[in-house]
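J.: Got a sequence here, can you model it:
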Amino acid sequence: MSVFDDIDFWFNPKRKKSAKNKSSSSGFKNKSLKPSISKYQRVHPIDGVKRVANYAPEVMVKITGSGKGIKQVKNHIDYISRNGEIELMNQDGDKLKGKEDLGFLVEEWRSGGIPLEGTKRETFNIVFSMPEGVERKPVYDAVKAFAQKEFEGHQWVMAEHRDEPHPHVHVCVVSMDREGRRLNPRKQDLFNWRVGFAESLREQGIEASASRRVSRFQHRKYEKFAVSQIKEQAQGRFKEGREVTDREMPYIYRMQAQELAFSLNSRQRPINPAEPYIKDINEKIEEAYKEVVQFLMVTGDKETAKNVGRFVKIQTHDKNQRSRSQVAYDKAMDKIRDREKDREMVRKDIER
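T.: As a prediction, this is how the structure comes out:
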């Protein structure tokens with residue numbers, strides 16, 4: 001059984017093997033702290049499939065950076081609090097606002113052991129978000145409940161930002177807890193956090209889903225946060241009418257733009273080299289979904305069975321299996337065809 005047909009794996013956390021303990025300079029064992037999967041309720045695979053098939057909003061949890069010294073930590077706290085203008089909440093429920101409160105917070109963390117400069121990740125900067133349209137308060141309350149459970153024993157602060165259409169909350173957590181153990185999150189741990197965050201949201205009345213990409217027939221990796229931030233800044237400058245230099249645009253986007261221009265000039269749609277591999281994976285995923293549909297039919301839930309079958313048909317359509325370059329090419333060609341149609345209509349009107 002592989003990850004592509006292991007339905008339980010699509011929706012439930014699994015713990016990786018823990019790293020070996022390393023001795024720290026202070027003399028005690030500096031243990032690696034892993035998120036505890038026992039804190040989360042296991043999701044029944046059928047419930048997970050139902051949420052995915054109903055397009056329940058997917059939770060997002062991202063580690064956007066870390067602080068390796070008190071200077072970097074202070075800069076991030078200034079950022080998420082907008083220099084003290086946005087209210088922070090800490091692990092004890094205390095509310096902090098203003099530069100004086102931030103100063104006390106930074107000094108407390110510094111006296112707790114965070115050096116002026118260092119090489120270890122002393123804090124983790126995490127963003128919890130949901131798609132546009134989800135209520136903001138339940139998201140904030142869910143992040144608070146999740147942080148209290150997952151980061152128990154750690155110092156942390158959280159702040160809600162309302163500058164984007166989608167609700168999102170920033171959490172800055174000190175990596176070392178009071179027992180001397182450090183957070184050491186990996187890819188699997190991030191999925192565990194997504195599962196915990198989705199559970200907290202459902203407790204707040206939001207039908208949220210935390211599923212792996214394969215369950216949704218999605219194979220493209222998400223953009224790295226730093227790259228997407230640079231891209232958004234460059235797009236903002238372009239909309240303002242300012243010139244965007246090569247240094248202000250990520251190299252990958254410059255290359256993509258060049259490849260798109262070549263494809264449009266030659267009218268040759270880009271080829272997805274991973275297409276045979278994706279087709280093979282999708283066949284395995286479809287087989288797993290067929291078993292789910294059969295189970296639902298046998299148990300009498302025919303409506304959900306039809307819904308799941310419809311979802312699989314939509315997600316496996318060629319339109320939803322395109323590469324980024326193919327999507328960009330198709331969008332550009334649609335615009336070109338629309339302009340050509342408009343010119344043709346104008347020409348016919350003139351001839352009349």
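J.: was I right about residue 272 contacting residue 326?
T.: Yes: Residue 272 lies in contact with residue 326 (CB atoms under 8 Å); the separation is 6.1 Å. All C-beta atoms are positioned from the backbone trio N, CA, C, and that covers glycine.
J.: low pLDDT regions in the protein?
T.: 1-5, 14-38, 220-252 (pLDDT under 70).
J.: Nearest residue to the middle of it?
T.: Central residue of the chain (CA atoms, centre = their mean): residue 60, 3.6 Å from the mean position.
J.: gap between that one and residue 52?
T.: To residue 52, residue 60 is 15 Å away according to CB to CB, to the nearest Å.
J.: I'd like the distance from the lengthiest helix in the chain to the chain centre, please.
T.: With secondary structure taken from DSSP state H, the chain has its longest helix at helix 324-351. With CA atoms, centre = their mean, to the nearest Å as the basis, helix 324-351 stands 35 Å off its chain's centre.
J.: Please apply the same query to stretch 172-181.
T.: 23 Å.
J.: any idea how far the residue nearest to the centre of the chain is from residue 109?
T.: 27 Å.
J.: contacting residues around residue 42?
T.: residue 12 (CB atoms under 8 Å, 6 or more residues apart in numbering).
J.: A strand includes it, no?
T.: No: assessed with DSSP: H, G, I helix; E, B strand; the rest coil, residue 42 is coil; it does not lie in a strand.
J.: so the residue nearest to the centre of the chain sits right up against residue 128, yeah?
T.: Yes: here residue 60 lies in contact with residue 128, judged by CB under 8 Å, at a distance of 7.3 Å.
J.: Show me where this protein has its strands.
T.: 22-23, 29-30, 32-33, 60-67, 88-90, 95-96, 123-129, 156-161, 168-174, 182-183 (DSSP state E).
J.: Which among those is found nearest to residue 296?
T.: With CB to CB as the criterion, residue 296 lies closest to strand 60-67 of the strands of the chain, at 28.5 Å.
J.: Residue 93: how many residues sit nearby?
T.: Using other CB atoms under 10 Å, residue 93 has 8 other residues around it.
J.: Repeat that for the one 10 residues further on.
T.: As a burial measure, the neighbour count of residue 103 was computed by other CB under 10 Å and equals 12.
J.: Identify the residues contacting residue 193.
T.: Residue 193 touches 35, 61, 126, 146, 150, 185, counting by CB under 8 Å, 6+ apart.
J.: before we move on, what about residue 332?
T.: Taking CB under 8 Å, 6+ apart, one finds 260, 264 in contact with residue 332.
J.: now swap in residue 108 and tell me
T.: residue 155.
J.: Check residue 209 too.
T.: By CB under 8 Å, 6+ apart, the contact list for residue 209 reads 48, 51-52, 56-59, 198.
J.: Which of those residues sits closest to residue 117?
T.: Of the contacts of residue 209, the one sitting nearest to residue 117 (CB to CB) turns out to be residue 59, at 34.4 Å.
J.: how close does the closest one sit to residue 343?
T.: 46 Å.
J.: Looking at the two, which has the bigger crowd around it?
T.: Ranked by neighbour count (other CB under 10 Å), residue 59 and residue 343 place residue 59 first, with 27 against 10.
J.: OK, contacts around the more buried one?
T.: Residue 59 touches 128-130, 194, 197-198, 201, 208-210, counting by CB under 8 Å, 6+ apart.
J.: Any chance of the backbone angles for it?
T.: phi -80, psi 150 (degrees, to the nearest 10).
J.: before we move on, the earlier item: only the buried residues of the longest helix of the chain, if you could.
T.: 325-326, 328-329 (16 or more other CB atoms under 10 Å).
J.: can you give me the helices in this structure?
T.: Taking DSSP H as the criterion, the chain contains helices spanning 7-11, 45-53, 70-80, 99-111, 136-150, 187-203, 225-239, 251-266, 275-298, 302-315, 324-351.
J.: got the ones you listed as JSON lines, with distance to residue 88 columns?
T.: Conversion of those to JSON lines gives the following (distance: least, CB to CB, whole Å):
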{"stretch": "helix 7-11", "distance to residue 88": "33"}
{"stretch": "helix 45-53", "distance to residue 88": "32"}
{"stretch": "helix 70-80", "distance to residue 88": "7"}
{"stretch": "helix 99-111", "distance to residue 88": "7"}
{"stretch": "helix 136-150", "distance to residue 88": "12"}
{"stretch": "helix 187-203", "distance to residue 88": "19"}
{"stretch": "helix 225-239", "distance to residue 88": "21"}
{"stretch": "helix 251-266", "distance to residue 88": "34"}
{"stretch": "helix 275-298", "distance to residue 88": "42"}
{"stretch": "helix 302-315", "distance to residue 88": "40"}
{"stretch": "helix 324-351", "distance to residue 88": "37"}
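J.: closest one to residue 118 among these?
T.: helix 70-80 (8.8 Å).
J.: Give me the helices and strands touching that closest one, please.
T.: strand 60-67, helix 99-111, strand 123-129, strand 156-161, strand 168-174 (3 or more CB pairs under 8 Å, 6 or more residues apart in numbering; DSSP states H and E).
J.: Nothing else from me, thank you.
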